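[1] sequence unknown, structure follows:
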């Protein structure tokens, strides 16, 4: 499949980038982001009623005037089992137990905002997730996403996920490529020995462990968003693309189709 990106759109949106990244690799956690930057962007764009998906131990600071509920696929007890590395942290109590990629319990066009920080890289089918996050927003609603830049995280040795791959996951279902993602994770993130990669990958697959299935820098993620808007007609209007140390923040307004 030959993909075309509108150069003028990329150039226009790229001018919104602010280079804040230090010249070093950082771990993928919220101690490596500027929380004040997150808060200022949230204060500017988030109003009304909305949700945050997968907040875990690091909910986005928002104004007291907004009405926010928290969505996760697990209860607190289940989250503790899934993420033992977060034992020392206080976790946000989910108000809604639901799959954050589908949001089946949330009605169409019912929310003013959706927050998904460090979530989309965990989605096996990112375009499908974007569709559902946009589905639950009202027209003019805001999707606030923070995505780790793979160059500054434990994903630094992994290849960038090609747009063609993400499109194939959308067309065929993300579970089809999951075994390959787990093998790449075991080999390039966990640094398993070659003889142990297949075994470790199967262990992770069997428990449906939430790894980073896809990895991007801000340029490739922008390419994905433009494909979704221009080729799939998703109601995407990009308000902001802001670097924030080891992550980048994208603010999307739901437009009228």
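    Done, it's in. It should be emphasised that the depicted structure is a prediction, and the values quoted were computed from it without experimental measurement.

[2] From now on I want contacts and neighbour counts done on CA atoms only, so please keep to that.
    Will do.

[3] And for residue 60, the neighbour number?
    The tally of other residues near residue 60 (other CA atoms under 10 Å) stands at 16.

[4] my guess is it meets residue 38, correct?
    Yes. Under the criterion of CA atoms under 8 Å, residue 60 makes contact with residue 38 at 7.2 Å.

[5] Point out where the chain drops to low pLDDT.
    For the chain, the stretches flagged by pLDDT under 70 are 1-31.

[6] What ranges does it have for its helices?
    Counting by DSSP state H, one finds helices in the chain at the ranges 7-14, 35-45, 76-82, 126-135, 163-172, 178-188, 197-206, 218-230.

[7] wait, which of these is closest to residue 150?
    Closest to residue 150 of these, according to CA to CA: helix 218-230, at 9.3 Å.

[8] So which residues lie in contact with stretch 185-192, not counting its own?
    154-155, 157-158, 193-194, 197, 200-201, 211-212 (CA atoms under 8 Å, 6 or more residues apart in numbering).

[9] Quick check on those: which are buried?
    The neighbour count (16 or more other CA atoms under 10 Å) marks 154-155, 158, 197, 200-201, 212 as buried among the contacts of stretch 185-192.

[10] is it possible to export those to JSON lines including distance to residue 132?
    Shown next, in JSON lines, are the buried ones among the contacts of stretch 185-192 (distance: CA to CA, whole Å):
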{"residue": "154", "distance to residue 132": "28"}
{"residue": "155", "distance to residue 132": "26"}
{"residue": "158", "distance to residue 132": "28"}
{"residue": "197", "distance to residue 132": "33"}
{"residue": "200", "distance to residue 132": "32"}
{"residue": "201", "distance to residue 132": "28"}
{"residue": "212", "distance to residue 132": "19"}
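
[11] In terms of distance to residue 50, which of these ranks first?
    Nearest to residue 50 among the buried ones among the contacts of stretch 185-192: residue 212, at 25.0 Å, using CA to CA.

[12] Having no further points to raise, I will conclude here.
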